[in-house]
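Novice: Provided below for reference: sequence and predicted model.
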Amino acid sequence: MATSSKSEIRGTTLGASANPDRLRITEIFHSLQGEARTVGFPTVFIRLTGCPLRCGYCDTEYAFYGGQWLSMDDILQRVAKFAPRYVTVTGGEPLAQRPCRELLARLCDQAYQVSLETSGALDISGIDARVSIVMDIKTPSSGEEKKNLYDNIAKLNSKDQIKFVICDRADYEWSRAKLKEYKLDDICELLFSPCHGQLNPTDLADWILQDRLPVRLQIQLHKLLWNDARGH
Ligand code: SF4
């Protein structure tokens with residue numbers, strides 16, 4: 001087991017949690033990573049319940065409600081049964097539950113390669129430095145653009161990624177402008193992902209090439225393989 005390094009966290013220190021030992025969990029499952037840097041690798045996913053956003057294209061609405069309260073130890077035991085190399089904490093919006101930061105640190109302590117998928121609408125301060133963050137910047141078509149917390153950008157580093165889900169040409173041009181305004185390609189890798197069923201990936205590929213944008217086109221592997229069936 002690796003040694004915990006709680007001193008190596010991003011931004012401000014983590015505040016006290018009302019209930020630091022339990023999280024509400026929608027599902028824990030083993031699949032292939034569908035996106036981001038480790039796409040295609042077998043990965044255990046921990047999907048936390050709840051999200052304060054309502055993106056128009058959301059494909060995990062079943063994680064808004066319900067779920068099951070599990071202790072931190074129970075979650076770790078369930079993950080360990082898969083003996084994974086990669087673990088992704090996702091949602092919903094995982095950071096909506098304060099103990100999420102403690103879970104991330106404890107997963108890192110087990111020497112898993114841990115990533116966090118977050119909406120970009122909640123503060124990413126206090127996350128263990130060993131975690132690779134995949135942070136959305138919400139485009140206008142999401143309907144949640146106003147929730148973007150742009151202060152988060154300064155807390156990202158080269159092992160993180162920023163993702164734009166792009167539904168149309170207007171979203172593309174908006175994302176391109178944000179890239180330039182915040183010099184995002186100097187910070188970390190950028191993912192431009194066509195909104196499934198709304199934007200032809202070939203169109204997005206052509207636009208990226210025409211503008212020579214320093215971004216990675218991302219097509220969600222799990223939707224190609226399993227049509228986004230739950231548990232994959
Ligand atoms: S942030 Fe993610 S989980 Fe929440 S509504 Fe948007 S797409 Fe759905």
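Specialist: That came in fine, so what should we check first? Numbers count the residues shown, from 1 in each chain.

Novice: what residues are bridge-paired with the most centrally placed residue in the chain?
Specialist: By Cα atoms, centre = their mean, the chain has its centre lying nearest to residue 117, at 1.2 Å. Beta-bridge pairing for residue 117 (DSSP bridges): residue 134.

Novice: that one and the ligand, how far apart?
Specialist: 8 Å (Cβ to the nearest ligand atom, to the nearest Å). To be clear about C-beta, it is placed using only N, CA and C from the backbone, and glycine gets the same treatment.

Novice: before we move on, what about residue 183?
Specialist: In terms of Cβ to the nearest ligand atom, residue 183 sits 25 Å off from the ligand.

Novice: other SSEs contacting the longest strand along the chain?
Specialist: The single longest strand within the chain, with elements called by DSSP state E, is strand 22-32. Strand 22-32 is packed against strand 42-48, strand 68-71, helix 72-80, helix 221-226, with contacts defined by 3 or more Cβ pairs under 8 Å, 6 or more residues apart in numbering; DSSP states H and E.

Novice: let's see that with 6 Å instead.
Specialist: For strand 22-32, the packing partners by 3 or more Cβ pairs under 6 Å, 6 or more residues apart in numbering; DSSP states H and E come out as strand 42-48, strand 68-71.

Novice: my guess is the residue nearest to the centre of the chain meets residue 132, correct?
Specialist: No - Residue 117 lies out of contact with residue 132 (Cβ atoms under 6 Å); the separation is 10.1 Å.

Novice: buried ones in stretch 95-110?
Specialist: Buried positions in stretch 95-110, judged by neighbour count with 16 or more other Cβ atoms under 10 Å: 95-109.

Novice: pick out the most distant pair among those residues.
Specialist: Spatial extent of the buried residues of stretch 95-110 (Cβ to Cβ) is set by the pair 96 and 109 at 22.9 Å.
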